[in-house]
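[1] below: sequence and its predicted model.
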Amino acid sequence: MFGHRHEGRCAHEFAGRHGRGRHRHSPGRHGFGGAGGDDLRHAGRMLAQGDLRLIALRLIEGQPRHGYDIIKALEDTTSGWYSPSPGIVYPTLTYLEEVGHLTSQPEGAKKLYTITEDGRAHLNENRDLVDAVMKRLALIGEKAMKVQAREEESERSDSRWRRMQLVRAALDNLRETAAERLENDADAEAKVVEILARAAGEIRRIQ
C-alpha cells in the first residue's frame, strides 16, 4: 500500500528480521469491528509495507530527537495502539546516519539525531508518501481512542450494574429477615419498624 521504489528493504524493518513492534491493544481485547475495525486490525500490516526510515526523517525534520522520542511520537499518534520496539527504531536511525540522512551528537548515554540536507532532500522526494502514512496513523489513533472510550463506558456500565445487583441483594436480604422475624414474633413489629426507619434515615444522610 505504502511501499516506494527508493527503499526496497523497508518492509523488512517491520516484518523481517526486527519483528513488527508492539501492538498495545489487541483486536480480541477490544473487539475491533464495524466502522474502523479493519483499519485497526491491519495497521501493523500497513506499517510493514511502509517505511520507518521516512517516518523517522519526517519526525526529526521538525526537531532533533532521540530514539525514544520516535517511539513516543508514534505511540501518541496512534493513541497508544502501536509502539515500535527499540530493536526497530535504533537500527533504523543508525542506517539513516550511515547513509548521511541524519547526524547525531551524544547526550549522556543517548544520541540526539538531526536531519541533514541530504536527508531533507530525500524526505522531500517522498513527501507525499510519508504524509499519507502519517495521516493514516493519525486516523488509526482517532479510531483507537473511540474504541477505548466505548470500552471504558461499557466497563462503567458493568460496574454500575454490579453495584445495583449488590443493593438489590441487600434489600432482598433485609426484607426476608424482617418477614422472618415478624413471622416468629408478632410483638417485634414495632422494633422492626423502628430499625427500618432508622436505616432509611441513615441512608438519606449519606454524602
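    That came in fine, so what should we check first?
[2] so what would you say the end-to-end distance of stretch 93-106 is?
    14 Å (CA to CA, to the nearest Å).
[3] name the surrounding residues that touch that stretch.
    For stretch 93-106, contacts defined as CB atoms under 8 Å, 6 or more residues apart in numbering pick out 53, 56-57, 60, 67, 70, 111-116, 118-119, 122. Heads up, the C-betas are built off the backbone N, CA and C, glycines and all.
[4] same thing but 7 Å
    By CB atoms under 7 Å, 6 or more residues apart in numbering, the surrounding residues in contact with stretch 93-106 are 53, 56-57, 60, 67, 111-116, 118-119, 122.
[5] and the residue of the chain most remote from its centre, how far from Tyr113?
    In the chain, the greatest distance from the average C-alpha position (CA atoms, centre = their mean) is reached by Asp187, at 62.5 Å. When CB to CB, to the nearest Å is applied, the distance between Asp187 and Tyr113 equals 87 Å.
[6] ok so, going back, for the residue farthest from the centre of the chain, helix, strand, or coil?
    Taken by DSSP: H, G, I helix; E, B strand; the rest coil, the conformation at Asp187 corresponds to helix.
[7] hmm, back to that, of the contacts of stretch 93-106, buried ones?
    In terms of neighbour count (16 or more other CB atoms under 10 Å), the buried residues within the contacts of stretch 93-106 are Arg53, Ala56, Leu57, Ile60, Gly67, Lys111, Leu112, Tyr113, Ile115, Thr116, Gly119, His122.
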